[in-house]
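Visitor: Pasting the sequence and the predicted coordinates here, then a few questions.
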There are 2 protein chains.
Amino acid sequence: MKKQQQVTIKDIALEVGMSVSSVSRALSDHPHISEETKLKVKNAAEKLGYRYNALAAALRSSRSKTIGLIVPRISMSFQAAVITAIQNKLHTDGYNLMIFQSNESPELEKTLVKLLMATQVEGLIVSTTLYTKDYSVFDKSAVGGVPVVFYDRVPIDKACHKIVGDEFSGGYQVTKHLVEQGCKRIAHISGPLSCSIYLQRLNGYKEALNEFQIPYDENLVFFHELNKENTLQSCETLFKNEQVPDAIFACNDTAALAVLEFARVNGISVPKDLKVSGYANDSRTEISRPEITSVEQFPHLMGEGVAKLIMDLIHNQDNQRSFLSLTTPVELIKRTSTFSELSS
Amino acid sequence: MKKQQQVTIKDIALEVGMSVSSVSRALSDHPHISEETKLKVKNAAEKLGYRYNALAAALRSSRSKTIGLIVPRISMSFQAAVITAIQNKLHTDGYNLMIFQSNESPELEKTLVKLLMATQVEGLIVSTTLYTKDYSVFDKSAVGGVPVVFYDRVPIDKACHKIVGDEFSGGYQVTKHLVEQGCKRIAHISGPLSCSIYLQRLNGYKEALNEFQIPYDENLVFFHELNKENTLQSCETLFKNEQVPDAIFACNDTAALAVLEFARVNGISVPKDLKVSGYANDSRTEISRPEITSVEQFPHLMGEGVAKLIMDLIHNQDNQRSFLSLTTPVELIKRTSTFSELSS
DNA sequence: TATGTATATGCAATCGTTTGCAGACAATTG
DNA sequence: CAATTGTCTGCAAACGATTGCATATACATA
């Protein structure tokens, strides 16, 4: 007694005394089949315990009804929210989502692309690792013409379909807000510039500085993975100088929290002596004391945009030669970490 | 110019002047093929831009190399961590994971099971919704003998393969700790008892009360989804009585945070007048002020256990009639939300 | 020389669907 | 009544791999 024999449409055909083709059509509600037979067939299917074999169908029709997604990690709350939105939307269109995590490794990312292509996905959705530089695996030729949509972290300098948050504006708004709070020496703790989002936020930061005629000081800017350890390290460096910063704009909330911890340990008062902003507006920003100013990215909006776009691309496989790009809004959420006690 | 023609092993066979069977075997490193031809075939594959079609292989061999997973939502940090562990482990074994979210809906959960069965997964991993009561879709007959492993939230009163945290112990430890801190009226904010974890934690709670001869008072116990709104509501109720609680044991950290908020708003001092514990030890517990006592569940351990178990079950499809159950440890993490100021 | 063994390859069926085409039959039309 | 149309159903060839079995060759052994 091993693998119990599967019930196939052939068995149903035998049961109701019809051909497999008619059974197939009956099950998929083909208009050329009479209601009567449809009912008969469906009942027989039920009775025999038939289970549809999507694999066989996909093979024959070369429509797998599956979309692949590659993301650095699902544990980032922003990503989890985007993915959920994508998945829900795709589900209503009868598509499944195959989710893989690259763990920030470009090599693994490459492997996963191939893996997904092997499973015959009809579309590919990608938010790249921090270090992805070689985008050749995503080339039209490499993916065999399967549509690819990037979101959030997208290729720099490469035309592609993409949906991104308005990172420039986010960077700009945070910085401007800090300036307006009276800050003059605004440090920026950024991720690696190989990653699109950090590049754009940096540009926004520079733009705001420029607008207010504050010189860009590269001693105030750091590029590294935005975890706690690295951030503490950067704070260390920042506060070793005689000229200490009066604000720190960190590029995610984990980093902002680390800054707060540093401040606490070193007796620096936030927001009085140091103003701190994060980015992404994850749920910890509200819980922290002080609450942390951050930038909301509306992951749900982005997810829906991604899903809509990929479905469009799949359905209009015309000789699509141009690329679509959508920018979703951001919103600065001002909280106590950036308000001087006077104004609060 | 539509769907560009796929390169198949047939094309390779043509190219190198061999049969498809030999090509197939060469590509999969079959021992009966000479190294020489293997090389020749692989080069030709590379040259022609061949991409393996996992669908076709799965259909023929009836081994899809895919495992399905259904989880209430991936945005819970505990779940994200478990999933990541599972996925990494399965990947090393050449298996893919297809992740679906039930959004706490038993109906959707049922649909997803069928969907996954249709895609011919070789195994199914499930953490149920809060309200799943009908487990018939997971019956051996319903899933066609595909192994099913439950984790975290598992069927109550139904023999099955499962991996669970030591919820009883968690509930017991939290309660005992609160008693030892001098609490006499310990409220318990629990999830619905249709969900295994809450049932077990409640039992642990009762056990500890019993041990210290504190009567179980059902006015102190609440059952509902553990979101902020519900929890605030329960606090409201609790503090309307003349006999207010001196501790609240909430069954997740979101609820514990809501309790803290309630306390803050109502001028109740934590931990002095009210001690608060959460569960799951998510990253917010450390950030909150006061920091929240919680229970670490070691999601990574659980994930690895799940992956190992499902692989075992797949590889030993013997007439397996008995069920395996693994209980992973928990650890009480004591923080300031439960320490009276005297002892701190 | 006949037999046995090991190594390398090919034949052809098979997995469970989908789908273009053709055929059967009834109903409608001029 | 013949011709046309419409409705329903069946045939058989795919889709792209895997795999049991047979075969071919070479070499060693009795």
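Guide: Arrived safely. Numbering: from 1, shown residues only, chains lettered A, B, ... in the order given.

Visitor: so residue A:68 makes contact with residue A:120?
Guide: No - the criterion here is C-beta atoms under 8 Å, and residue A:68 misses it with residue A:120 at 9.6 Å. For the C-beta atoms, the positions are set from N, CA and C on the backbone; glycine is no exception.

Visitor: Residue A:323 - how many residues pack around it?
Guide: 10 (other C-beta atoms under 10 Å in any protein chain shown).

Visitor: Would you check that it makes contact with residue A:155?
Guide: No - using C-beta under 8 Å, residue A:323 makes no contact with residue A:155, being 10.8 Å away.

Visitor: list the residues that contact both of those two?
Guide: Residues touching both residue A:323 and residue A:155 (C-beta atoms under 8 Å, 6 or more residues apart in numbering or on different chains): residue A:162.

Visitor: what's the nearest residue to residue A:194 if we skip its chain neighbours?
Guide: Spatial nearest neighbour of residue A:194, excluding adjacent residues (C-beta to C-beta, 6 or more residues apart in numbering or on different chains): residue A:131 at 5.6 Å.

Visitor: contacting residues around the one you found?
Guide: With C-beta under 8 Å, 6+ apart, residue A:131 has these contacts: A:104, A:106, A:192, A:194-195.

Visitor: Identify the bridge partners of residue A:125.
Guide: residue A:69, residue A:149 (DSSP bridges).

Visitor: Check which helix or strand the spatially closest residue to residue A:9 that is not a sequence neighbour maps to.
Guide: Of all residues not flanking residue A:9 in the chain, residue A:23 sits nearest, at 4.6 Å (C-beta to C-beta, 6+ apart). Under the criterion of DSSP states H and E, residue A:23 resides in helix A:20-27.

Visitor: Let me see the mean pLDDT of that helix.
Guide: In this model, helix A:20-27 has an average pLDDT of 95.

Visitor: Over to stretch A:217-234?
Guide: 97.

Visitor: again, but for stretch A:80-94
Guide: Computed over stretch A:80-94, the average pLDDT equals 97.

Visitor: what does stretch A:272-286 give?
Guide: In this model, stretch A:272-286 has an average pLDDT of 97.

Visitor: Next, the distance between the ends of it.
Guide: 19 Å (C-alpha to C-alpha, to the nearest Å).

Visitor: in chain A, which spans are helices?
Guide: A:9-16, A:20-27, A:35-48, A:54-61, A:77-92, A:106-118, A:167-180, A:196-211, A:228-240, A:253-265, A:284-287, A:299-315 (DSSP state H).

Visitor: which strands and helices sit next to the shortest one?
Guide: Contacting helix A:284-287 under the criterion 3 or more C-beta pairs under 8 Å, 6 or more residues apart in numbering or on different chains; DSSP states H and E are the following elements: helix A:253-265, helix B:284-287.

Visitor: For that helix, list every residue counted as buried.
Guide: For helix A:284-287, the neighbour count (16 or more other C-beta atoms under 10 Å in any protein chain shown) marks A:284-287 as buried.

Visitor: what sits up against that helix?
Guide: A:253, A:256-257, A:278, A:291-294, A:333, A:335, B:257, B:283-284, B:287-288.

Visitor: any idea which of those is closest to residue A:246?
Guide: Distance ranking of the contacts of helix A:284-287 against residue A:246, using C-beta to C-beta, places residue A:293 first at 14.5 Å.

Visitor: check contacts around the closest one.
Guide: Per C-beta under 8 Å, 6+ apart, neighbours of residue A:293: A:174, A:177, A:275-278, A:285, A:332-338.

Visitor: got those residues as a markdown table, with distance to DNA strand C columns?
Guide: Compiled in a markdown table, the contacts of residue A:293 are given as follows (distance: C-beta to the nearest atom of the strand, whole Å):
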| residue | distance to DNA strand C |
| --- | --- |
| A:174 | 51 |
| A:177 | 55 |
| A:275 | 60 |
| A:276 | 56 |
| A:277 | 53 |
| A:278 | 49 |
| A:285 | 48 |
| A:332 | 50 |
| A:333 | 48 |
| A:334 | 54 |
| A:335 | 53 |
| A:336 | 58 |
| A:337 | 56 |
| A:338 | 57 |
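
Visitor: Return the member of the residues you listed nearest to chain B.
Guide: residue A:285 (9.3 Å; C-beta to the nearest C-beta).

Visitor: ok, for the closest one, nearest residue in space, not its chain neighbours?
Guide: Nearest to residue A:285 is residue A:292, by C-beta to C-beta, 6+ apart, at 4.1 Å.

Visitor: What does the pLDDT read for that neighbour?
Guide: Confidence score, pLDDT, at residue A:292: 98.

Visitor: from what I can see it touches residue A:334, true?
Guide: No - with contact defined as C-beta under 8 Å, residue A:292 does not count as touching residue A:334 (10.2 Å).

Visitor: Give the full set of residues in contact with the residue nearest to residue A:298 when sequence neighbours are not counted.
Guide: Of all residues not flanking residue A:298 in the chain, residue A:328 sits nearest, at 5.9 Å (C-beta to C-beta, 6+ apart). Residues near residue A:328 by C-beta under 8 Å, 6+ apart: A:163-166, A:297-298, A:301-302, A:305.

Visitor: With neighbour count added, can I get those residues in JSON lines?
Guide: Listed next are these as JSON lines, based on neighbours: other C-beta atoms under 10 Å in any protein chain shown:
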{"residue": "A:163", "neighbour count": "27"}
{"residue": "A:164", "neighbour count": "21"}
{"residue": "A:165", "neighbour count": "26"}
{"residue": "A:166", "neighbour count": "18"}
{"residue": "A:297", "neighbour count": "26"}
{"residue": "A:298", "neighbour count": "19"}
{"residue": "A:301", "neighbour count": "16"}
{"residue": "A:302", "neighbour count": "25"}
{"residue": "A:305", "neighbour count": "22"}
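
Visitor: and which of the residues you listed is nearest to residue A:84?
Guide: Of the contacts of residue A:328, the one sitting nearest to residue A:84 (C-beta to C-beta) turns out to be residue A:302, at 11.3 Å.
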